[in-house]
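S.K.: after the sequence you'll find the predicted model.
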Amino acid sequence: MKSATLPRVLPGFTLSLGYTISYLSLIVLIPLAAVFIKTAAMPLDAFWQTVTAPRVLASYRLSFGMALLAAAINSVFGLLLAWSLVRYRFPGKKLVDALVDLPFALPTAVAGIALTALYAGNGWIGRHLEPLGIKVAFGPLGVLVALVFIGLPFVVRTVQPVLEDLDTELEEAATSLGAHRWQTFRHVILPALQPALMTGFALAFARAVGEYGSVIFIAGNIPMVSEITPLMIISKLEQYDYRGATAIASVMLVVSFLLLLAINGLQAWQAKRSGRSA
Amino acid sequence: MSATVSNLYAQHDRAALLESRQATRENPWVKAGILVAALGFFAVFLLLPLAVVFVEALAKGWGTYLEALTEPDARSAIWLTLSAAAISVPLNLVFGVAAAWAITRFEFRGKQLLITLIDLPFSVSPVVAGLVYVLVFSNHGWFGPWLSEHDIKIIFAIPGIVLATVFVTVPFIARELIPLMQAQGREEEEAAVVLGARGWQVFWHVTLPNIRWALLYGVILSNARAMGEFGAVSVVSGHIRGETNTLPLHVEILYNEYNFAAAFAVARCWPCWRS
């Protein structure tokens, strides 16, 4: 706060801030506001009927349920992967490190088709699961697989840097005080990683809830069973039901806002914690 | 590997150091278990899908592969995807630099809110991103009557595709630059100003050399996302073959026509531009 009262040495404050705010307003904020303005113009009972229709409710259950499950799976395996990348040496480590970003870079439609080919009844993995009675592609499990795929880098890339910066002296102190390795992990390492882990979880969850491209190919899109919420918006649009699409979109937007607030709170917490330990 | 050898490399490889110390290493069985679980998961969820794309693309030989890429609809889709990325990446580059400069070099009220708003497109569903432009620019939208009066088409045309692409890639470059410029601090720039450099000189000669790698990484990521965006573009494009079909949409059409080898051939085309 103090520096705000000092004279500014660097130039370009008005220009850069003005440009940032106008660009953001034009591209993101005003168009997003359109969703809420259109929704506000809707009669309340029509809005309520649209967003609580049985098929839409089923899609919330699938989208939010599978996104939560996928984020949880990614938190566990993302932590293991980040741990292996920071703590161990193994052949092909550089390749693994580079390929973790693949879901960021691979177009979602391509990812969706590749996963479908992999898990369909005649695919490399589906072939072995089908005899066991496990049907992955074209069902809710397929949605889960796609959401795990796209969410993994969020957890790895938020946990990895924190793990790299972690002071090993704390672990040494714990060991010399007689703690077992598991106790050290449970009471020293895990608390330090917790904010990063939760941020990664929230980011993966936020992305998974809204994901469309990689899911629709593998989901099979069976009404009441494997339809995700973004697909409900698309199908309303295809019937030229703009109001219905807008109503569902406003529900999704409120969830995104809440998630974003949570993520920001977590990041502030993490910054505070790392500031204290430094 | 013996302990002495790993000690030699200890300064260079932190993992080696951590593995060599009693306090920071696990029982070998635990370590093997963690590695098997982590790498097994990695192989099933990342390596196999990538392998499938390559194998299926060439399933019918190189001839089909090349044919799928040079067919007119595919070429027009490639052209449209490249143009959309070529417009949206520079726009977001300028935005990212301006936002990072304002946020990291000055103190002002509402800074945290601004950072949150920049992140917004990350957590908004791509489908909703497409929808908002439909609400603003389509025939039923805010500017619809005015646009059709002046014979300007945005939705189901190229401008809509560009707008949707810009929306989903807004945060990428700013997100790369902000933490870096925050960590670097503003002393170097202030010194340059005190020594008499003007605004743009400071930016070109002091700031830019410091941030160039983060800038490049941000450009690569946002370019990848711009070229691969599916949901948002699918809503605004109208899927007109040869006109408003981008590459991801073209892949979807081929896939729905059960033309798997061609779909994967076009799909595989992405990595070659990206590197």
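M.R.: Sure thing, it's come through.
S.K.: would you confirm that A:Gly213 contacts A:Thr108?
M.R.: Yes: judged on CB atoms under 8 Å, A:Gly213 makes contact with A:Thr108 at a distance of 2.9 Å. Bear in mind the C-beta positions are built from the backbone N, C-alpha and C, glycine included.
S.K.: give me the more crowded residue out of the two.
M.R.: Legend: neighbour count by other CB atoms under 10 Å in any protein chain shown for A:Gly213 and A:Thr108, higher for A:Gly213 (28 against 25).
S.K.: quick one on the thing from earlier: now the common contact residues for A:Gly213 and A:Thr108.
M.R.: B:229-231, B:248 (CB atoms under 8 Å, 6 or more residues apart in numbering or on different chains).
S.K.: quick check: the residue of the stretch 1-150 of chain A nearest chain B.
M.R.: Proximity of the stretch 1-150 of chain A to chain B (CB to the nearest CB) peaks at A:Pro107, 2.8 Å away.
S.K.: who's in contact with that residue?
M.R.: By CB under 8 Å, 6+ apart, the residues touching A:Pro107 are A:213, B:227-230, B:247-248, B:251, B:267, B:270.
S.K.: so which residue of the stretch 151-275 of chain B comes closest to chain A?
M.R.: Counting by CB to the nearest CB, the stretch 151-275 of chain B gets nearest chain A through B:Gly228, at 2.8 Å.
S.K.: list the contacts of that residue.
M.R.: A:105-110, B:248, B:270.
S.K.: repeat that for 6 Å
M.R.: A:Pro107 (CB atoms under 6 Å, 6 or more residues apart in numbering or on different chains).
S.K.: residue ranges with poor pLDDT in the stretch 151-278 of chain A?
M.R.: Along the stretch 151-278 of chain A, segments meeting pLDDT under 70 span A:274-278.
S.K.: can you list the residues of it near chain B?
M.R.: Contacts of the stretch 151-278 of chain A with chain B, taken as CB under 6 Å from any CB of the partner chain, map to A:168, A:171-172, A:175, A:181, A:206, A:210, A:212-213, A:230, A:233, A:242, A:245, A:249, A:252, A:256, A:259-260, A:264.
S.K.: so which of those residues belong to helices?
M.R.: Of the positions in these, A:168, A:171-172, A:175, A:181, A:206, A:210, A:213, A:230, A:233, A:242, A:245, A:249, A:252, A:256, A:259-260, A:264 sit in helices, assigned by DSSP state H.
S.K.: mark which of these are buried, thanks.
M.R.: By neighbour count, with 16 or more other CB atoms under 10 Å in any protein chain shown, these hold A:171, A:175, A:181, A:206, A:210, A:213, A:230, A:233, A:242, A:245, A:249, A:252, A:256, A:259-260, A:264 as buried.
S.K.: the nearest residue to B:Leu120 once chain neighbours are set aside: neighbouring residues, count only.
M.R.: Of all residues not flanking B:Leu120 in the chain, A:Val28 sits nearest, at 5.8 Å (CB to CB, 6 or more residues apart in numbering or on different chains). Each residue near A:Val28 was counted by other CB under 10 Å, and the total is 21.
S.K.: mind pulling up the pLDDT for A:Val28?
M.R.: pLDDT, A:Val28: 93.
S.K.: and if you look at B:Leu163?
M.R.: pLDDT at B:Leu163 comes out at 93.
S.K.: also B:Ile158?
M.R.: Looking at B:Ile158, the pLDDT reads 87.
S.K.: for it, grab phi and psi.
M.R.: In terms of degrees, to the nearest 10, the main-chain angles of B:Ile158 are phi -60, psi -40.
S.K.: ok, it - how many residues close by?
M.R.: Look at B:Ile158: counted by other CB under 10 Å, it has 18 neighbours.
S.K.: state the distance from it to B:Ser88.
M.R.: For B:Ile158, the distance to B:Ser88 (CB to CB, to the nearest Å) stands at 12 Å.
S.K.: surely B:Val124 touches A:Ser256?
M.R.: Yes: applying CB atoms under 6 Å, one finds B:Val124 in contact with A:Ser256, separated by 5.1 Å.
S.K.: tell me the SS of B:Ala197?
M.R.: Secondary structure for B:Ala197, judged by DSSP: H, G, I helix; E, B strand; the rest coil, is coil.
S.K.: what is the neighbour count of the closest residue to it other than its chain neighbours?
M.R.: Computed as CB to CB, 6+ apart, the closest residue to B:Ala197 that is not its neighbour in sequence is B:His205, at 7.2 Å. Here the number of neighbours of B:His205 (other CB under 10 Å) works out to 12.
S.K.: so for B:His205, what's the pLDDT?
M.R.: 92.
S.K.: so it, which state does it fall into?
M.R.: helix.
S.K.: what residues does stretch B:114-131 touch?
M.R.: Stretch B:114-131 is contacted from outside by A:28, A:206, A:210, A:212, A:230, A:233, A:245, A:249, A:252, A:256, A:259-260, A:264, B:164, B:167-168, B:170-171, B:174, B:231-232, B:235-236, using CB under 6 Å, 6+ apart.
S.K.: ditto for stretch A:228-239
M.R.: A:56, A:59-60, A:62-63, A:212, A:215, A:244-245, A:248-249, B:125, B:127.
S.K.: export those to a markdown table and tack on distance to B:Gln22?
M.R.: Formatted as a markdown table, the contacts of stretch A:228-239 follow (distance: CB to CB, whole Å):
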| residue | distance to B:Gln22 |
| --- | --- |
| A:Val56 | 57 |
| A:Ser59 | 53 |
| A:Tyr60 | 51 |
| A:Leu62 | 48 |
| A:Ser63 | 47 |
| A:Tyr212 | 49 |
| A:Val215 | 46 |
| A:Gly244 | 63 |
| A:Ala245 | 60 |
| A:Ile248 | 56 |
| A:Ala249 | 56 |
| B:Ser125 | 49 |
| B:Val127 | 53 |
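S.K.: mind listing what's buried in the stretch of helix or strand B:Leu93 belongs to?
M.R.: B:Leu93 is located in helix B:72-105, with elements delineated by DSSP states H and E. Buried residues in helix B:72-105, counted by 16+ other CB under 10 Å: B:74, B:76-78, B:80-81, B:84-85, B:87-89, B:91-93, B:95-105.
S.K.: among the residues you listed, which are in reach of chain A?
M.R.: B:95, B:98-99, B:101-102, B:105.
S.K.: what residues are up against B:His140?
M.R.: A:Tyr242.
S.K.: tell me the secondary structure at it.
M.R.: Applying three-state DSSP: B:His140 is coil.
S.K.: residue in the stretch 51-200 of chain B nearest to chain A?
M.R.: For the stretch 51-200 of chain B, CB to the nearest CB, closest residue to chain A: B:Ser125, 2.8 Å.
S.K.: now do that residue, the pLDDT please.
M.R.: pLDDT, B:Ser125: 91.
S.K.: which non-adjacent residue is nearest it?
M.R.: Counting by CB to CB, 6+ apart, the residue nearest B:Ser125 is A:Gly210, at 2.8 Å.
S.K.: what's the spacing between the one you found and B:Val55?
M.R.: 30 Å.
S.K.: burial of residue 19, as a residue count?
M.R.: As the question left the chain open, I've gone with chain A. Counted with other CB under 10 Å, residues neighbouring A:Tyr19 total 18.
S.K.: that's the wrong chain, I meant chain B
M.R.: Close neighbours of B:Glu19, defined as other CB under 10 Å, add up to 19.
S.K.: my guess is it contacts B:Glu26, does it?
M.R.: No: using CB under 6 Å, B:Glu19 is not in contact with B:Glu26, being 9.2 Å away.
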